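Asker: Predicted model follows, preceded by the sequence.
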Amino acid sequence: GVSGQVSMNEVKGGATATVDKATITAETGNVSISATEDSTLNAVIDSVTKSDGGSTFGGGASLAASGVVATNLVNSSAEATLSNSSVTTQDAVTDSGKVAIEAKNTSEINANIKNSVESSGSSVGVTLAYNTVGYESQNVLFNTVDALLGTDINNSQPVNVHASIQDSEVQSAGALSVSANSEVTIDAQIETSATTVDVSADDSDTVSVGGNITMNKTAVRTAATIEEASEITVQNDDLRVQAKDTSTITSNVQAPVLAASVGDKSTAVAVGLSTARNNIDSDVDASIRSSSGSDKNSVSVTNGSVLVEAEQASTIESTAAASAIGISAGASSSKAFSGGGAIANNTIAGSTKASLERSDITESDSVSLSAKDAATINATVESAAVAVAVGSGTTPAIAIGISVATNEIGNDDDSRNPVEVKAYTKDSNIE
């Protein structure tokens, strides 16, 4: 039997909250501008292909082949903006009088793919699985080349998570926060199994091949900013500008393969391959800044501090495994060959910046700028190859296993290498 499945899914959208050219006065309570994007794409494929054929006394053929192609793409941003406006809160009661500008993206792709092939002659299963957030859609050929060679043929179209105050006046009786948080998630569970078992009174030949080619990529720009000649006054609490990316890729790719043959002259061939390419491209920016064409920002914080914090804490959890078992038993002669290969390439790239540029802090208890990169890669690569040949004559058995893992935080081929982590002030006054 021969089967094939193709699944292509795209989610495009976004969340935007904007206050522009407005005057807001809140005598009681808080003021909040919030945008949250929580797109979810769930893709489940369970393919089973079986073939029953041949004869115990020889003759006949059995073939099972299955191909699965799955492409999942999400492009959705979150932006919360206060621009060209005036906001005033007057309630100084605890937990009141606050102003909050918040953008959050929790988009996720959950891909669960199983491709199972069984026969008594030849079994071939191949799975191509590609999951991206923040990239343009492209054809299967280019995705496959990119997954195998890391060519970056497809263009990134980064997801933006941006909270900002632009050219506005804010007088807050309580805390003022501008925050952007990215929690983009890809969870890919991929398995292709191939099983071939044949018992014959005549000659017996079995072949099993199972292969996975997978790619998971995210491109995200996370920014929290106060900019372009804004005037900020905070009383009785802190001013906090915070940007954080905790995007996660979890990739589990498995290829268990078995070929077993029993006959007069028997041959068993088993080949399993799993490849996984996982990339996170993340820029995180927290800043109070003004361009050279605008006046400086003015910031005053009474009985509180100015905190500018940027953190990149993305994680890749990668497992690539392949096992190939070939067993051959022949009354006169037998041959067995098995090859298992597992390859994983994991990369995290980008920059983390906290800055104060062309801004004057006229009053505050303290000023703190913090930039932190806590990116993490945990990779497990496993390959197993077993070949067993039993017979009264010649019984060669060959087993080859290969495991390769490449893990990089900051890529030599990336023009931004090494990863930037910077906290700095420029053309600013702090009193």
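Answerer: Everything's here; your move. Bear in mind that the values here come from a model prediction, so they are computed numbers and not experimental data.
Asker: what about residue 261, which helix or strand?
Answerer: strand 248-289 (DSSP states H and E).
Asker: who does that strand pair up with?
Answerer: Partners of strand 248-289 in the sheet, by DSSP bridges, are strand 185-199 (parallel), strand 204-227 (parallel), strand 315-357 (parallel).
Asker: which strand residues sit across from residue 250 in the sheet?
Answerer: With DSSP bridges as the rule, residue 250 is bridged to residue 187, residue 317.
Asker: isn't it right up against residue 214?
Answerer: No: contact between residue 250 and residue 214 fails when scored by C-beta atoms under 8 Å: they sit 12.0 Å apart. No exception for glycine: its C-beta is placed from N, CA and C like everyone else's.
Asker: tell me, what's touching those two both at once?
Answerer: Shared contacts of residue 250 and residue 214 (C-beta atoms under 8 Å, 6 or more residues apart in numbering): residue 188.
Asker: of the two, who's got more company?
Answerer: Set side by side, residue 250 and residue 214 show more neighbours around residue 214, with 26 against 18, by other C-beta atoms under 10 Å.
Asker: Confirm residue 52 sits in a strand?
Answerer: No: using DSSP: H, G, I helix; E, B strand; the rest coil, the assignment for residue 52 is coil, not a strand.
Asker: Now do the same contact list for it.
Answerer: Listed by C-beta under 8 Å, 6+ apart, the contact partners of residue 52 are 62, 119-120.
Asker: Now pLDDT too, for the residues you listed, in JSON lines please.
Answerer: Output for these, formatted as JSON lines (pLDDT from 0 to 100):
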{"residue": "62", "pLDDT": "85"}
{"residue": "119", "pLDDT": "93"}
{"residue": "120", "pLDDT": "90"}
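Asker: Looking at these, which is nearest residue 225?
Answerer: residue 119 (59.6 Å; C-beta to C-beta).
Asker: picking that back up, which ones among the contacts of residue 52 lie within strands?
Answerer: residue 119 (DSSP state E).
Asker: Now render the contacts of residue 52 as a markdown table, adding neighbour count and distance to residue 90.
Answerer: A markdown table is the format used below for the contacts of residue 52 (neighbours: other C-beta atoms under 10 Å; distance: C-beta to C-beta, whole Å):
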| residue | neighbour count | distance to residue 90 |
| --- | --- | --- |
| 62 | 20 | 81 |
| 119 | 27 | 77 |
| 120 | 27 | 81 |
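Asker: so who does the spatially closest residue to residue 5 that is not a sequence neighbour touch?
Answerer: Once flanking residues are discounted, residue 5 sits nearest to residue 68: 4.9 Å by C-beta to C-beta, 6 or more residues apart in numbering. Contact analysis of residue 68 by C-beta under 8 Å, 6+ apart lists 4-7, 45, 47, 113, 115, 126-129, 192.
Asker: between those residues, which is nearest residue 359?
Answerer: Of those, the one sitting nearest to residue 359 (C-beta to C-beta) turns out to be residue 129, at 46.5 Å.
Asker: For the helix or strand containing the closest one, which strands pair with it and how are they oriented?
Answerer: In the assignment (DSSP H and E), residue 129 maps to strand 122-133. Sheet partners assigned to strand 122-133 using DSSP bridges are listed as strand 63-83 (parallel), strand 204-227 (parallel).
Asker: Out of these, which is the most enclosed?
Answerer: With neighbours defined as mean count of other C-beta atoms under 10 Å, the strands paired with strand 122-133 peak in mean count at strand 204-227, which reaches a mean of 26.
Asker: residue contacts, residue 388?
Answerer: Residue 388 touches 326-328, 336, 397, counting by C-beta under 8 Å, 6+ apart.
Asker: Quick check: the two most widely separated of these?
Answerer: Between any two of those (C-beta to C-beta), the greatest distance is 9.3 Å, for 327 and 397.
Asker: Okay, now the unreliable bits of this protein?
Answerer: For the chain, the stretches flagged by pLDDT under 70 are 54-60, 411-418.
Asker: For the spatially most central residue of it, give its distance to residue 142.
Answerer: Nearest to the mean C-alpha position of the chain, counting by C-alpha atoms, centre = their mean, stands residue 249 at 3.8 Å. Distance of residue 249 to residue 142, computed by C-beta to C-beta, to the nearest Å: 20 Å.
Asker: Please apply the same query to residue 22.
Answerer: Distance from residue 22 to residue 142, counting by C-beta to C-beta: 45 Å.
Asker: just residue 258 next, same as before
Answerer: 33 Å.
Asker: In terms of neighbours, single out the busier of these two.
Answerer: Remark: of residue 258 and residue 142, residue 258 carries more neighbours, 24 against 13, as counted by other C-beta under 10 Å.
Asker: hey, what's the more buried one bridged with?
Answerer: residue 195, residue 325.
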